[in-house]
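J.: turn this into a model:
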Amino acid sequence: MSLLGRILSGFRDTHAEPLPAPDAKLALGALLVRVAKSDKVYTVSEISLIDRILAQHFGLKPIQAAKMRATCEKLQKAAPDSGKFAELIRNELSHDERMQALCDLWQVVLADGSEDACEVEIVEALREALGLDPDESAEARQRALGAL
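T.: Numbers count the residues shown, from 1 in each chain. Below you'll find the model as predicted:
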């Protein structure tokens, strides 16, 4: 290992806790983060919105929601495929809960005031993976607009 490599390795956290196995809650959080980051701009407004969504849906206090989001950020970075997250949600949540998840995803897309094509493409792929149709996506988008 080079001198630079040895120096940099001293800054790495060698005692990092392993990531938890994702459930539907963590999967949703990871997908919210993935959509927010898909346009290569992860804004404070998107981060705040994700924290509020997690707090509201899962009865968390602000600090707990921020910690959950941080875990979700690590999960989304480690997981190459959004489909596995969507499958967890599809298998564990009711139709109404999946519709709410889709609405949440649309809120993240719309949070920064612009609909990036990459974000929309991901949300539409997730919509299909969640077992929802295009009309339901349009409805979820309208609900998201009303919630912002």
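J.: roughly how far apart are the spatially most central residue of the chain and Asp135?
T.: The central residue of the chain, meaning the one whose C-alpha is nearest the mean C-alpha position (Cα atoms, centre = their mean), is Leu32 at 2.0 Å. Counting by Cβ to Cβ, to the nearest Å, the gap from Leu32 to Asp135 is 23 Å. In this view, the C-beta of every residue, glycine as well, is placed from N, C-alpha and C.
J.: likewise Leu49?
T.: 25 Å.
J.: before we move on, the earlier item: pretty sure the residue nearest to the centre of the chain contacts Leu75?
T.: No: with the criterion set as Cβ atoms under 8 Å, Leu32 and Leu75 do not qualify as a contacting pair; they are 11.2 Å apart.
J.: show me what contacts the residue nearest to Phe58 when sequence neighbours are not counted?
T.: Ranked by Cβ to Cβ, 6 or more residues apart in numbering and with sequence neighbours excluded, the top spatial neighbour of Phe58 is Lys25, at 5.8 Å. The contact partners of Lys25, taken as Cβ atoms under 8 Å, 6 or more residues apart in numbering, are 57-58, 68.
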